[in-house]
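Undergrad: sequence and computational prediction follow.
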Amino acid sequence: MPSFSKLHLNPKILSALKAKGYTTPTPIQFQAIPPLLEGRDILGIAQTGTGKTAAFSLPILHNLVKSDVAVKSGSVRALILTPTRELASQIADNIELYGKELGLRYAVIFGGVSERPQIAAMQRGVDILIATPGRLLDLMTQGHIRYAQLEILVLDEADRMLDMGFINDVKKIIAKVPENRQTLFFSATMPETIADLANSILKNPVTVEITPQSTTVERIEQKLNFVEKSNKLSLLKSILKQEDATSVLVFSKTKHGANRIVEFLEKNGITVAAIHGNKSQGAREKALSSFREGKVQVLIATDIAARGIDVPAISHVINYDIPMDPESYVHRIGRTARAGRQGVAISFCDPSERKLLAAVEKTIRFKIPVDETHPFHGVAPRPTSAESSRDEREVRSQSRSNSRNGRQYGHSVNKERRIAASSSERQRGDHRSGNSDRRISAPRGDRREGSNRRSSTRNSDSRPVIDPSKSGLLDFIGLGKKRSYTPQKSIMKIGRDGTSSFRPESKEKKGGFGFGSWFKKPSSERSNGPRDDSFGNRERSTSSSRGSRFGSTSQGRRESSSFGGERRSFGSNDRKPFNEGAPRRSSGGRSPSPRKRWQ
């Protein structure tokens, strides 16, 4: 194969390639560069790691220098669309390297960072713009980018852009660019779903297909490790401890899964970093830079970053999860064996991923060899995994409960609660023997008594008893009364027929509006005595003392209704027609009831 000097590129570009050590073009570079130098449209189908970036960036630099057009403010001469930020940064680095002596201006636009520097760069005008569709469309709608001088349009990793949902944004951008342009359409795979888009934007293109679509590079040694899901982390640790695993890229299908892998490896003393959608752009660039420089042994990534990682020294690619999209497998393992090197690709497969594995092997038309020598082949799942997860849930629940019990409300309140809790402990210690005797003597059939005793004892152990004298105004209205969780006493009741029964001892609690005490009475007692229908339904006793307090007699008394009217309530021995009046009695020097004052 001839050298780059035979491709008639600009001498300054050739010197930059020579300084980098590039002398012989790759197959896709050798086939794509000549027609691109002539201004033809091209449809390139090539796998990642085959030199596709240089295949279109070198002729773009040559043609822009040859035309020598002064770019205006806000204008761009060559637009390169990429799906991810990492891929955009990678292309920008290559263009800077190859065209450092050409005097061309370039800019990179993507989301996740401030748009002010990007707007400032566009105001000066750029020759080459590398951008992701989302941020580019935002700046277009704001009027910061104009395409009047556009000469070249490049869609790199077009299939990935469509898979990520950028199809509508790409169509909007294509509708704004001039029709008289040179279009370059590059993709690692060419599914039939995007063939119509390629045909609609390309004019008599030259097709360059290096290998059959969706096949893997032969320099990659592929392995398949069958392993239970609970043993994947342990298998990953054993592989990373090997001497040849110097620079390992691990792919996880979820962002949370990537974080769990990072946490596990850090606990085992392995230097690791992660890049995924939840990371900021600065964190992603820092992690990728540390991995490229060798400061980090392992990099955990998701599929969104699979095509933007260009690290030539990657020794291993590990698919911790089989990808949901079979074509993503090609892009994952394509991160290794770059620039003529050898690489190893290991895929973990648990029983739930067998169907995904079959789809991958059907897509790449290759049966991945199974490695039965790894230490976890045929090993049953760890039996303690479910128990440990359950224990972790219980620990989290316990910690939340402890945090609620230990919540701080202020010095005075906490002091009162500590005093009340200590007094409750003393009470439980004094009555512990008596409570155990009663539990033994109580009949086993009385389930309600047993449940009440157990619940009261459990609650008394977990919650302090609040001093009722500290309640204040809330006790008066019946809302501030705190429950007392002291153990309930059982008393024996002997009937006339000689039978005995146990029932809990009930203590009448006074205070508030009397909702609870009124409903706890039997129906016969609730119906005999008169009651006020005013707010709160305060219970009126038929005793003479309470009757005289509210102005009632043995013949009857007047009570106020809830709507301000009057009615007559009579005893059981003196019933008169309701419409007969009765003389108003004196209240014995007491002030009338609040409702009567309001009337």
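TA: Yep, it's here.

Undergrad: and the helices in the stretch 1-150 of the chain, which stretches?
TA: For the stretch 1-150 of the chain, helices defined by DSSP state H, counting those that start in this stretch occupy the ranges 11-20, 27-37, 52-67, 85-98, 116-124, 133-141.

Undergrad: now the angle from the last one to helix 85-98?
TA: Pointing back at helix 133-141 there. Angle between the axes of helix 133-141 and helix 85-98 is 80 degrees (criterion: axes from the mean of the first three to the mean of the last three CA atoms, to 10 degrees).

Undergrad: helix or strand right after helix 133-141?
TA: On the C-terminal side of helix 133-141, the closest following helix or strand by DSSP states H and E is strand 152-155.

Undergrad: pairing partners for that following strand, with directions?
TA: Strand pairing for strand 152-155, using DSSP bridges, gives strand 76-81 (parallel), strand 182-187 (parallel).

Undergrad: among the ones you listed, which is nearest Ala287?
TA: strand 76-81 (24.1 Å; CB to CB). (Glycine included, C-beta is placed from N, CA and C.)

Undergrad: weakest of the strands paired with strand 152-155 by average pLDDT?
TA: If you rank the strands paired with strand 152-155 by mean pLDDT, strand 182-187 sits at the bottom with a mean of 91.

Undergrad: and the helix or strand following it, what other elements does it pack with?
TA: Next along the chain after strand 182-187, taking DSSP H and E as the criterion, comes helix 195-201. Helices and strands touching helix 195-201, by 3 or more CB pairs under 8 Å, 6 or more residues apart in numbering; DSSP states H and E, are helix 158-163, helix 167-176, strand 182-187.

Undergrad: show residues contacting the first one.
TA: Contacting residues not belonging to helix 158-163 are listed as 81-84, 133, 155, 167, 170, 185-191, 193-194, 197-198, 307, 325, 327, 331 [CB atoms under 8 Å, 6 or more residues apart in numbering].

Undergrad: change it to 6 Å
TA: Applying CB atoms under 6 Å, 6 or more residues apart in numbering, the external contacts of helix 158-163 come out as Pro83, Phe185, Ser187, Thr189, Ile194, Arg307.

Undergrad: ok, Lys72 - contacts?
TA: When contacts are counted by CB under 6 Å, 6+ apart, Lys72 touches Gly125.

Undergrad: again, only this time at 8 Å
TA: Neighbour list for Lys72: Gly125, Arg146, Ala148, Gln149 [criterion: CB under 8 Å, 6+ apart].

Undergrad: again, but for His256
TA: By CB under 8 Å, 6+ apart, the contact list for His256 is empty.

Undergrad: quickly find the element holding it.
TA: Using DSSP H and E, His256 falls within helix 255-267.

Undergrad: for the record, mean pLDDT for the helix or strand that comes right after that helix?
TA: Downstream of helix 255-267, the next assigned helix or strand under DSSP H and E is strand 272-275. Mean pLDDT, strand 272-275: 93.

Undergrad: including distance to Val272, could the strands paired with strand 152-155 go into TSV?
TA: Putting these into TSV (distance: least, CB to CB, whole Å) gives the following:
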stretch	distance to Val272
strand 76-81	32
strand 182-187	32
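
Undergrad: highest average neighbour count across those?
TA: Of all those, strand 76-81 has the most neighbours on average by mean count of other CB atoms under 10 Å, namely a mean of 25.

Undergrad: and the angle for it with helix 167-176?
TA: Going by the same axes, to 10 degrees, strand 76-81 makes 160 degrees with helix 167-176.

Undergrad: as PDB, could you dump the C-alpha coordinates of strand 76-81?
TA: C-alpha atoms of strand 76-81 as PDB (Å, rounded to 0.1, in the frame of the first residue of the first chain):
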ATOM      1  CA  VAL A  76     -18.700  28.300   9.300                       C
ATOM      2  CA  ARG A  77     -17.200  26.600   6.300                       C
ATOM      3  CA  ALA A  78     -17.100  22.900   7.400                       C
ATOM      4  CA  LEU A  79     -19.600  21.400   9.800                       C
ATOM      5  CA  ILE A  80     -18.900  18.000  11.500                       C
ATOM      6  CA  LEU A  81     -21.800  16.400  13.500                       C
END
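
Undergrad: rewinding a little: and of the helices and strands packed on helix 195-201, who's closest to Ala301?
TA: helix 158-163 (14.2 Å).

Undergrad: flag every buried residue along the closest one.
TA: Neighbour-count burial for helix 158-163, counted by 16 or more other CB atoms under 10 Å, picks out Ala158, Asp159, Arg160, Met161, Leu162, Asp163.

Undergrad: can you put the helices and strands packed on helix 195-201 in CSV and add distance to Ile270?
TA: CSV is the format used below for the helices and strands packed on helix 195-201 (distance: least, CB to CB, whole Å):
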stretch, distance to Ile270
helix 158-163, 30
helix 167-176, 39
strand 182-187, 35
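
Undergrad: hey, least reliable of these by pLDDT?
TA: In terms of mean pLDDT, the lowest-scoring of these is helix 158-163 (a mean of 80).

Undergrad: sketch out the low-pLDDT regions of the chain for me.
TA: Filtered on pLDDT under 70, the chain yields the residue ranges 1, 48-49, 211-217, 305-308, 339-340, 383-599.

Undergrad: and it, what are its domain boundaries?
TA: In terms of domains, the chain is parsed into 4-209, 220-382, 515-598 (source: automatic domain parsing).

Undergrad: any chance you could map the strands in the stretch 201-350 of the chain?
TA: For the stretch 201-350 of the chain, the strands defined by DSSP state E, counting those that start in this stretch cover 206-209, 220-226, 248-251, 272-275, 298-301, 316-319, 343-349.

Undergrad: can you add mean neighbour count and give these back as JSON lines?
TA: Formatted as JSON lines, the strands of the stretch 201-350 of the chain follow (neighbours: other CB atoms under 10 Å):
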{"stretch": "strand 206-209", "mean neighbour count": "16"}
{"stretch": "strand 220-226", "mean neighbour count": "19"}
{"stretch": "strand 248-251", "mean neighbour count": "26"}
{"stretch": "strand 272-275", "mean neighbour count": "23"}
{"stretch": "strand 298-301", "mean neighbour count": "26"}
{"stretch": "strand 316-319", "mean neighbour count": "25"}
{"stretch": "strand 343-349", "mean neighbour count": "23"}
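
Undergrad: got a markdown table for the ones you listed, with distance to Ile45 too?
TA: Compiled in a markdown table, the strands of the stretch 201-350 of the chain are given as follows (distance: least, CB to CB, whole Å):
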| stretch | distance to Ile45 |
| --- | --- |
| strand 206-209 | 4 |
| strand 220-226 | 19 |
| strand 248-251 | 23 |
| strand 272-275 | 27 |
| strand 298-301 | 24 |
| strand 316-319 | 22 |
| strand 343-349 | 21 |
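
Undergrad: surely Ile28 and Gly44 touch.
TA: Yes - with contacts counted by CB atoms under 8 Å, Ile28 reaches Gly44, the gap being 6.4 Å.

Undergrad: list the contacts for Asp127?
TA: Asp127 neighbours (CB under 8 Å, 6+ apart): Leu64, Val71, Val76, Arg77, Ala78, Leu104, Arg105, Tyr106.

Undergrad: closest to Gly257 out of the contacts of helix 158-163?
TA: Taking CB to CB as the measure, Gly257 sits nearest to Arg307 out of the contacts of helix 158-163, at 19.6 Å.

Undergrad: distance of Asp303 from Pro326?
TA: 12 Å (CB to CB, to the nearest Å).

Undergrad: of these two, who's got more company?
TA: The neighbour comparison of Asp303 against Pro326 (other CB atoms under 10 Å) goes to Asp303, with 22 against 19.
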